[in-house]
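Undergrad: Only the shape, not the letters, is given here:
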């Protein structure tokens, strides 16, 4: 390419980019075959796949309790919730594939650790009350994160998120119902609920992402409407709505510095242990290895089934073709 | 043996009789039968549909947004295709 051609090419892409940004500013949606800057494509693949991976890995901590749910009512609800998470993962993977990456590449990125998933799923689920705490807090935080995404600029992502959000509110309610029952039960049951809250509270706050000062992607993501509110705003919203719910069922938020601030009309809260967050993100959480082993094991263990299904489909197809001849 | 991945299918669901099938999303499946079964599990867990179509994605021919000008702009200056283009006296009712 000559210097002149290079300049023309650069100019062309600059004006395309300006048009593209203007479309997003006008709240127009971007669809798969539309021109988009490479960075938009990459950022979306990163965020959407991370989101899909979180749904898929997120099945593991809860799957742990399906066979031990205390009643049939709890069991069908938990089973349905975990099945929803599989569904959410699938909506998101297929939305992500519209950006020109294959499902196999996406899995590969997850299995090799190149792609991340939400750090919260690297914590263990040691008692039944954890099913309550996860639904109430983890899904609660997820909803706060996800609702603004129903309006994001990339059409397939926004459509997937509308379906996800519609289904998510049952998840939070089933979790809170578990907490209500335990908190109102025997002293041992109440203690179990409090213990689960103690262990899940801080990781749930961390789940909303690093503080604004540390968040590297926020500015660009705001512009593309991949983000409508900053991590700190979302975290404050989560705290303000969750504290009264804990009070209602007689549980105590494990934060000595938590205090209502009349002036701000919000709760002040204690320092978050960000070292812990980064340790978990980097792979040193309590269950990172266990989760990845389970996930990779399931994928590899299922390979013969996928191959057999494909071989069967091909055989059927070739028989059909023979008959036609 | 070269590895063969399950192909991609597009899923269309009629949410109730009287409405058209609408694109709901896509999924991977080995054949059309599995695509239908998977579509039922992935997209209609809450009575979202009464009928499902699946079609292998590679069989869909789509227009290219780069051609949107020639495809769709000619309709913009044909305002005479809309009822509001025609001037009628106010006294005319029901038209």
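TA: Good, I have the coordinates. Just so it is clear, the model here is predicted, and its values are computed rather than measured. Numbering: from 1, shown residues only, chains lettered A, B, ... in the order given.

Undergrad: need the strands for the chain, in chain order.
TA: Let's take chain A. Taking DSSP state E as the test, the strands found in chain A are A:259-261, A:266-268.

Undergrad: The intended chain is chain B.
TA: B:8-14, B:21-28, B:51-56.

Undergrad: Between the strands of chain A, which one is closest to chain B.
TA: strand A:266-268 (35.0 Å; Cβ to the nearest Cβ). C-beta: built from backbone N, CA, C; applies to glycine.

Undergrad: helices and strands of chain B: which one bottoms out on pLDDT?
TA: helix B:68-72 (a mean of 93; mean pLDDT, DSSP states H and E).

Undergrad: Next one: it, is it in contact with chain A?
TA: No. Helix B:68-72 stays clear of chain A (Cβ under 8 Å from any Cβ of the partner chain), getting no nearer than 9.5 Å.

Undergrad: what's in contact with that helix?
TA: Helix B:68-72 is contacted from outside by residue B:63, using Cβ atoms under 8 Å, 6 or more residues apart in numbering or on different chains.

Undergrad: What degree of burial does the residue of the stretch 51-200 of chain A found nearest chain B show, as a neighbour count?
TA: Distances between the stretch 51-200 of chain A and chain B by Cβ to the nearest Cβ are smallest at residue A:94, namely 4.3 Å. Residues near residue A:94, counting by other Cβ atoms under 10 Å in any protein chain shown, number 23.

Undergrad: Is it in contact with residue B:29, as I believe?
TA: No. Counting by Cβ atoms under 8 Å, residue A:94 does not reach residue B:29; the two are 11.7 Å apart.

Undergrad: tell me the contacts of residue 30?
TA: Looking at chain A here, since you left the chain open. A:20, A:23, A:24, A:36, A:40, A:153, A:154, A:155.

Undergrad: Switch to chain B, please.
TA: A:306, A:309, A:310, A:312, A:313, B:6, B:7.

Undergrad: Tell me the one of the residues you listed nearest residue A:232?
TA: Of all these, residue A:232 sits closest to residue B:6, with 42.0 Å by Cβ to Cβ.

Undergrad: Please determine how far that closest one is located from chain A.
TA: Here the criterion is Cβ to the nearest Cβ, to the nearest Å. By it, residue B:6 lies 6 Å from chain A.

Undergrad: That residue and residue A:308 touch, don't they?
TA: No. Between residue B:6 and residue A:308 there is no contact under Cβ under 8 Å: 11.6 Å.

Undergrad: Which one's more surrounded, those two?
TA: Per other Cβ under 10 Å, whichever of residue B:6 and residue A:308 has more neighbours is residue B:6, with 19 against 11.

Undergrad: tally of neighbours for residue 89?
TA: Picking chain A for this. Using other Cβ under 10 Å, residue A:89 has 21 other residues around it.

Undergrad: actually it's chain B I care about, not the one you picked
TA: Neighbour tally, residue B:89, other Cβ under 10 Å: 5.

Undergrad: circling back: nearest to chain A, out of the strands of chain B?
TA: strand B:21-28 (4.3 Å).

Undergrad: just to revisit the earlier point, can you tell me which of the contacts of residue A:30 end up in helices?
TA: Counted as lying in helices by DSSP state H, out of these, are A:20, A:23, A:24, A:40, A:155.

Undergrad: neighbour-wise, which of these leads?
TA: Counting neighbours by other Cβ under 10 Å, residue A:40 comes out on top of the ones in helices among the contacts of residue A:30 with 23 neighbours.

Undergrad: Next, the contact list for that one, please.
TA: Contact partners of residue A:40, counting by Cβ under 8 Å, 6+ apart, are A:20, A:30, A:224.

Undergrad: again, but for residue A:36
TA: Applying Cβ under 8 Å, 6+ apart, we find residue A:36 in contact with A:20, A:30.

Undergrad: ok, now how distant is residue A:10 from residue B:56?
TA: Using Cβ to Cβ, to the nearest Å, we find residue A:10 at a distance of 39 Å from residue B:56.

Undergrad: Give me the more crowded residue out of the two.
TA: Counted by other Cβ under 10 Å, residue A:10 and residue B:56 do not tie: residue B:56 has more neighbours, with 14 against 10.

Undergrad: That one and residue B:9 touch, don't they?
TA: Yes. With contact defined as Cβ under 8 Å, residue B:56 reaches residue B:9; the gap is 5.6 Å.

Undergrad: any residues in contact with both of those two?
TA: Shared contacts of residue B:56 and residue B:9 (Cβ under 8 Å, 6+ apart): B:32, B:35.

Undergrad: Just give me how far the least confident helix or strand of chain B sits from the chain centre.
TA: Distance of helix B:68-72 from its chain centroid, counting by Cα atoms, centre = their mean, to the nearest Å, is 19 Å.
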